[in-house]
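Enquirer: missing the sequence, but the structure's below:
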């Protein structure tokens, strides 16, 4: 008889023989990101496969509990991608259950154009209007000084990411949202593991302020600051499940809406394969359905199927054990580059952490200054030729992309105060990796390469 533990022991051996990373050799390509894993992820994956549940099951539940516990929030819902997490978060705010605070077609959501498109697309996809404000250097996040001018009678929410893992100005933005009665969707897809350390002792609790929860010790995790937080587990991010993401909240009503919309829009709270958890499956009256209609097939929202599979969640459970170490490595790698490149500040705008934060950096982002001997494009070509992988800051300015060609400024979206810094980022910014797979040797090769590319 084949025993499960025998199979899992063979998986451990297979990992050691076939998956351990080779040591870096001079001349090898240095990627900006990559999967960092060991036998634990492979064992969990095969263990889940042997159950053959396929959809969400015991690992998905455990993964959600680990995420919620790490962030210090009561509710986490795993989904199939970070993009789905953002769409789900935005869609949840359109629920009729939210009354006058519900986002309706034509309502406005403040955001930035220097972003990954999945922060902007959900606003348009639910029929709302994005209102773009500029970003500020060297943080690359929304310029908080521009917020008040962006508010109109139709403003309902703010939807912002922590750019490259660097926290946006959380204190000012949370105060702004509270003063105007606005929802805050906090895209932490590049920021999981980062912390807000300044002003974090202020009392923002689920009882006194909706979805904002205070973490123990006066520190709050990024992803737990807004009414809804989101995360992505794509391989480049702080942890990975291959594809996958999650939404977080401390608000029981928002959690109910998020779960409903994630699971086809259904009204029922039963988990996969579960029946009659409430004990009243055939007793209710819903809409104009016949009395006693099966509650498992009653739909209170127009929803999706965004659930994460148990196979993905099994990997996530192993990755969660590594997240604190991953976050430390990202900080250390970022500091290495920041110190090694400090004397290039006459040529490059070097990144700075938002005051009162401790980011788990996604990458090391630089902007070539006007008048520098070499342009961004020249530097990037030189680095790529040296085998050092680079990336631009995502869309640069999303409003300049072909997806906006059919949209009308003023009707479908607004730009408030111009996007001069956003355009500067689009023309002159690039970044390199700081993920946990980096070594001191790789980091020094990158630092030396950046110096050469800059003409030093």
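Expert: Everything's here; your move. All figures in this text were calculated on a predicted structure; none of them were measured in a lab.
Enquirer: Every contact and neighbour count from this point should use C-alpha atoms.
Expert: Noted.
Enquirer: Spell out the secondary structure type for residue 448.
Expert: When classified by DSSP: H, G, I helix; E, B strand; the rest coil, residue 448 comes out as helix.
Enquirer: ok, it - contacts?
Expert: Contacts for residue 448 (Cα atoms under 8 Å, 6 or more residues apart in numbering) come out as none.
Enquirer: and it, how far is that from residue 435?
Expert: 18 Å (Cα to Cα, to the nearest Å).
Enquirer: Show me how this structure divides into domains.
Expert: The chain breaks down into these domains under automatic domain parsing: 47-311, 323-453.
Enquirer: With respect to those, which exhibits the lowest mean confidence?
Expert: Note on the domains of the chain: domain 47-311 shows the lowest mean pLDDT, a mean of 92.
Enquirer: any chance you could map the helices in the stretch 101-250 of the chain?
Expert: For the stretch 101-250 of the chain, applying DSSP state H, counting those that start in this stretch gives helices covering 117-125, 147-150, 170-180.
Enquirer: Show me what counts as buried in stretch 20-36.
Expert: By 16 or more other Cα atoms under 10 Å, the buried positions in stretch 20-36 come out as 30-36.
Enquirer: Between these, which sits nearest residue 396?
Expert: Closest approach between those and residue 396, by Cα to Cα: residue 32, at 17.9 Å.
Enquirer: and the closest one, what element?
Expert: Under DSSP states H and E, no helix or strand contains residue 32.
Enquirer: Touching, it and residue 432? I think so.
Expert: Yes. Counting by Cα atoms under 8 Å, residue 432 is a contact partner of residue 32 at 5.5 Å.
Enquirer: Check the spacing between the most centrally placed residue in the chain and residue 8 real quick.
Expert: The structure's the chain has its C-alpha centroid closest to residue 189; by Cα atoms, centre = their mean the separation is 1.2 Å. To residue 8, residue 189 is 32 Å away according to Cα to Cα.
Enquirer: With residue 112 instead?
Expert: 47 Å.
Enquirer: Those two: which is more packed in?
Expert: Neighbours per residue (other Cα atoms under 10 Å) separate residue 112 from residue 8, with residue 112 holding more: 27 against 19.
Enquirer: where along the stretch 1-150 of the chain do the strands fall?
Expert: 75-79, 108-112, 129-133, 135-136, 141-142 (DSSP state E, counting those that start in this stretch).
Enquirer: Using TSV, lay out these together with distance to residue 310.
Expert: Formatted as TSV, the strands of the stretch 1-150 of the chain follow (distance: least, Cα to Cα, whole Å):
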stretch	distance to residue 310
strand 75-79	10
strand 108-112	34
strand 129-133	35
strand 135-136	39
strand 141-142	35
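Enquirer: Which of these sits closest to residue 420?
Expert: Per Cα to Cα, nearest to residue 420 of the strands of the stretch 1-150 of the chain: strand 135-136, 8.7 Å.
Enquirer: quick one: contacts of that closest one?
Expert: By Cα under 8 Å, 6+ apart, strand 135-136 touches 112, 114, 141-143, 419, 421-422.
Enquirer: Out of the strands of the stretch 1-150 of the chain, which gets nearest to residue 441?
Expert: Closest to residue 441 of these is strand 141-142 (Cα to Cα; 30.7 Å).
Enquirer: Would you mark the buried spots in the helix or strand containing residue 311?
Expert: Secondary structure from DSSP H and E places residue 311 in helix 310-340. Under the neighbour-count criterion of 16+ other Cα under 10 Å, helix 310-340 has 310-320, 323-324, 326-334, 336-338, 340 buried.
Enquirer: and what of stretch 109-124?
Expert: By 16+ other Cα under 10 Å, the buried positions in stretch 109-124 come out as 109-117, 119-124.
Enquirer: Kindly report the same for stretch 407-422.
Expert: Buried residues in stretch 407-422 (16+ other Cα under 10 Å): 412-416, 419, 421-422.
Enquirer: Kindly report the same for stretch 381-394.
Expert: For stretch 381-394, using 16+ other Cα under 10 Å, the buried residues are 382-383, 386-390, 392-393.
Enquirer: could I get these as TSV with secondary structure and distance to residue 277?
Expert: Output for the buried residues of stretch 381-394, formatted as TSV (DSSP: H, G, I helix; E, B strand; the rest coil; distance: Cα to Cα, whole Å):
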residue	secondary structure	distance to residue 277
382	helix	61
383	helix	58
386	coil	59
387	coil	56
388	strand	54
389	coil	51
390	coil	51
392	coil	49
393	coil	47
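Enquirer: Return the closest of those with respect to residue 250.
Expert: The shortest approach to residue 250 among the buried residues of stretch 381-394 belongs to residue 393, at 30.8 Å (Cα to Cα).
Enquirer: How much space separates that closest one from residue 364?
Expert: Using Cα to Cα, residue 393 is found at 10 Å from residue 364.
Enquirer: Common neighbours of these two, please.
Expert: Listed as contacting both residue 393 and residue 364 by Cα under 8 Å, 6+ apart are residue 431.
Enquirer: Enumerate every residue touching residue 38.
Expert: Residues counted as contacts of residue 38 (Cα under 8 Å, 6+ apart) are 15, 19-20.
Enquirer: Need phi/psi at it.
Expert: phi -140, psi -160 (degrees, to the nearest 10).
Enquirer: Burial check on residue 242, number of neighbours?
Expert: 20.
Enquirer: Would you agree it is in contact with residue 233?
Expert: Yes. Counting by Cα under 8 Å, residue 242 touches residue 233, with 6.6 Å between them.
Enquirer: Can you tell me, leaving aside adjacent residues, what's nearest to the residue nearest to the centre of the chain?
Expert: Once flanking residues are discounted, residue 189 sits nearest to residue 231: 4.0 Å by Cα to Cα, 6 or more residues apart in numbering.
Enquirer: what are the bridge partners for the one you found, then?
Expert: Residues in a beta bridge with residue 231, per DSSP bridges, are residue 246.
Enquirer: And the helix holding residue 311, how far out from the chain middle?
Expert: On the basis of Cα atoms, centre = their mean, to the nearest Å, helix 310-340 sits 14 Å off its chain's mean C-alpha point.
Enquirer: Neighbouring strands - and their directions - for whatever helix or strand comes next after it?
Expert: Remark: after helix 310-340, the chain's next helix or strand is strand 348-349, criterion DSSP H and E. Under the criterion DSSP bridges, strand 348-349 sits next to strand 363-368 (antiparallel) in its sheet.
Enquirer: Also compute the angle for the strand it pairs with relative to helix 310-340, please.
Expert: Computed with axes from the mean of the first three to the mean of the last three Cα atoms, to 10 degrees, the direction of strand 363-368 lies at 40 degrees from that of helix 310-340.
Enquirer: Give me the contacts around strand 363-368.
Expert: Here strand 363-368 has contacts from 32, 164-165, 334, 337, 347-351, 375-376, 393, 425, 428-435, using Cα under 8 Å, 6+ apart.
Enquirer: Next, the buried residues of stretch 243-262.
Expert: By neighbour count on 16+ other Cα under 10 Å, the buried set for stretch 243-262 is 243-251, 254-262.
Enquirer: Is it correct that residue 143 is in contact with residue 150?
Expert: No. Between residue 143 and residue 150 there is no contact under Cα under 8 Å: 11.3 Å.
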